[in-house]
Every structure is written in structure tokens, then in C-alpha cells.
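Enquirer: Here's my sequence, what's the structure:
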Amino acid sequence: MAQGTAVHGELLPAPWGARRSILIVDESAKDRNYVGEILRTRGYEVVACGSVLEGACALEQRRFDFVMVSQGSPAFEGRSILERVVEIDRTIPVIVLTRCVEMSCYIDAMQLGAVDYLEKPISPAEILRLVETHLRPIPMVA
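Expert: Below you'll find the model as predicted:
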């Protein structure tokens, strides 16, 4: 069974070694904690970083299955994280989150390879739907 599979209302843990890792890069501690807690309760391993520099260091230290990055400001500070993820592995889904949609940032993010660009706040159900929609399935070993 895949991680996050519900049976009789209970969430089953991921198979050994199959826990999915998600990087969150957001300058807002409140937003990082909110999203991180939602994902942790579903069994995801979450690394939350409060700056682009921290996020870049995390990307150099390990591989992630999914990345959520904050736009930051109209200067789109999260752009460097998106660019680095694409350099590492273009198949890793990246979602850009923002408090204020900037059309130029939206266009940049999508052209660089983001799978989505969303305005905060985002409901727990929407966060889980996005992650579960964009994560590649874990290959089953026979």
C-alpha cells in the first residue's frame, strides 16, 4: 500500500524505507508550522526552512520528493530554490506559495518548472490534495 492509505478511517504508515520527504521553504514560521504539521500527521517527513539560504543548504544535503517554496516578495526570493530543484531533478514537484499573487512571479515560476502557484492561506485538504496529486507513486516491489 502507498503511504497515506486509509483503511477503516485509519492512516497506515508507509512501507519501511518508503517515507516521503517534503521540503518547505517559507520565511513565515506560522505558515511553515501550519503546513508542516498537516503533512507530518499524514506520515510525511518534513524539513522546514525559514530562509532561502537554509533551503539551499537542505537541498545540497539530501534528496526530497516534493518541495513547497514561498514566493516571499515581488522579488520572488524562492526562485533560486525552484531553479536548484530543477537542476537536481526536474521530476521533483515544486509548488510556489504566496500571500500576494504577482503575475510576473507566476509566469516565472511556471516557466521554470513549478507544478502550481497558489495564494495563501490554503486549507489542509487542499495541501494534502496537491501533495498527493503531484507526488510520484512509490514503486511496488514484488
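Enquirer: CA atoms for contacts and neighbours, from now on please.
Expert: Fine.
Enquirer: Now do the residue nearest to K120 when sequence neighbours are not counted against G36, distance only.
Expert: Spatially, and ignoring its direct neighbours in sequence, K120 is nearest to R99 (5.1 Å; Cα to Cα, 6 or more residues apart in numbering). Distance from R99 to G36, counting by Cα to Cα, to the nearest Å: 17 Å.
Enquirer: Could you check which of these two has the larger neighbour count?
Expert: Set side by side, R99 and G36 show more neighbours around G36, with 19 against 13, by other Cα atoms under 10 Å.
Enquirer: Whichever helix or strand that one is part of - contacts with which helices or strands?
Expert: For G36, the element it lies in under DSSP states H and E is helix 29-41. Here helix 29-41 touches strand 21-25, strand 45-49, helix 124-134, going by 3 or more Cα pairs under 8 Å, 6 or more residues apart in numbering; DSSP states H and E.
Enquirer: ok, 7 Å please
Expert: Where contact means 3 or more Cα pairs under 7 Å, 6 or more residues apart in numbering; DSSP states H and E, helix 29-41 is packed against strand 45-49.
Enquirer: Would you mind identifying the next helix or strand past the strand it packs on?
Expert: According to DSSP H and E, the helix or strand after strand 45-49 is helix 52-61.
Enquirer: what number of residues lie near the residue lying closest to A114 once chain neighbours are set aside?
Expert: Distances taken as Cα to Cα, 6+ apart put V94 closest to A114, at 5.0 Å, once the chain neighbours are dropped. By the criterion of other Cα under 10 Å, V94 has 31 neighbours.
Enquirer: Please report the distance of V94 from F64.
Expert: From V94 across to F64, the span is 10 Å (Cα to Cα).
Enquirer: Equivalent analysis for V52, please.
Expert: Counting by Cα to Cα, the gap from V52 to F64 is 16 Å.
Enquirer: where does this protein dip in pLDDT?
Expert: Along the chain, the parts satisfying pLDDT under 70 run over 1-18, 74, 136-142.
Enquirer: Could you rerun that using 50?
Expert: Along the chain, segments meeting pLDDT under 50 span 1-17.
Enquirer: Good, wrapping up.
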